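>>> Build me a model from this:
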Amino acid sequence: MKVLFFVLIFSFLIGSISAQSDLNKMVETEKAFARMAAEKNTRDAFLEFSAADGVLFTPAPTNAKTFWTARTANSSLLAWTPEFADISSNGILGYTTGPWEFRPKGKDDAPAGFGHFITIWQKQSDGNYRFVLDFGINHSKIALSDIWTAPTYLEKGLVDKGSAADISAQFFEMANKESIEKAYKTFAADDIRLYRNEKVPFLGKKEALKEVKKVKDKINFAKRSFFTSATNLAYISNSYTLTDKTGKETEKGYFLQIWKFKDGRWQIVLDLFKANPKE
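Numbers count the residues shown, from 1 in each chain. All right, here's what the predicted structure looks like:
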């Protein structure tokens, strides 16, 4: 019995070390991505660090390599730094998020735009990380920083209570048929990060629910969603619309949710909804 106990402890420690190594490698990849954008140009950086099927929102989902190949490199500077990162326990899927700023004429120019980005990374067959999704919001100025943090990325127990896809479907059904507020009360993690355009991110369930409560219109989600998971981490992205009591469309856009299996159940740890620009 003691031998089995020590084998389990040893396996857990090896898994922790491996996950930490993957997490650090992923964050260093994000930093190298930002460094190349600053030292060379944004176009080449995105082409280098995007997976073949990497997606940007412009505002609709667009293949990143196709989008950036069609653009001409220039001297403008898009600068960013990761402030938070997490990764699946098997090191396959992870994400980074943090502030960004845009300087139209380069590093010596005054910043003309600010916001937060979310980059989802996937380990490739060669062991390197490349982004499969890049999304973000605009908001007021937040200073860039070299400090980043991460949660406890290895959870106790196994992922044995439903798939993330099934649980997220329950969230969408509850939000549509009952209320958005109830859906977030039920499925949001205590440490959720809630992103809404033109607003600084809301950190924690209490602040997130205050923001969600403001939404009075009915929300509808597209039936086919893009969903990817790896052990205890998953993400889903699709379009949404809001309609008022008369059925008139009041808003449409795209969303991204990152789910994590923690404390014995799947929970939303990051949530971004961004309306399309009004025509």
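>>> Name the single longest strand found in the chain.
Under DSSP state E, the strand in the chain containing the largest number of residues is strand 249-262.
>>> In the next helix or strand after that strand, which residues are buried?
Next along the chain after strand 249-262, taking DSSP states H and E as the criterion, comes strand 265-275. For strand 265-275, a neighbour-count test (16 or more other CB atoms under 10 Å) marks Trp266, Gln267, Ile268, Val269, Leu270, Asp271, Leu272, Phe273, Lys274, Ala275 as buried. C-beta here means a position set from N, CA and C on the backbone, and glycine is covered the same way.
>>> Closest one to Phe187 out of those residues, please.
Here the nearest of those to Phe187, counting by CB to CB, is Ile268; it sits at 5.3 Å.
>>> Identify the bridge partners of that closest one.
As for beta bridges, Ile268 partners with Ala188, Trp259 under DSSP bridges.
>>> give me every residue that touches the residue nearest the centre of the chain.
In the chain, the centroid-proximal residue (CA atoms, centre = their mean) is Ile118; its distance is 4.3 Å. Going by CB atoms under 8 Å, 6 or more residues apart in numbering, Ile118 touches Tyr95, Thr96, Thr97, Leu133, Asp134, Phe135, Gly136, Tyr195, Leu256, Ile258, Leu270, Leu272.
>>> repeat that for 6 Å
Neighbour list for Ile118: Thr97, Phe135 [criterion: CB atoms under 6 Å, 6 or more residues apart in numbering].
>>> Read off the pLDDT value for it.
Per-residue confidence (pLDDT) for Ile118: 98.
>>> what about it, which helix or strand?
Ile118 belongs to strand 113-123 when assigned by DSSP H and E.
>>> centre of the chain versus that strand, how much separation?
How far strand 113-123 lies from its chain's middle: 7 Å, per CA atoms, centre = their mean, to the nearest Å.
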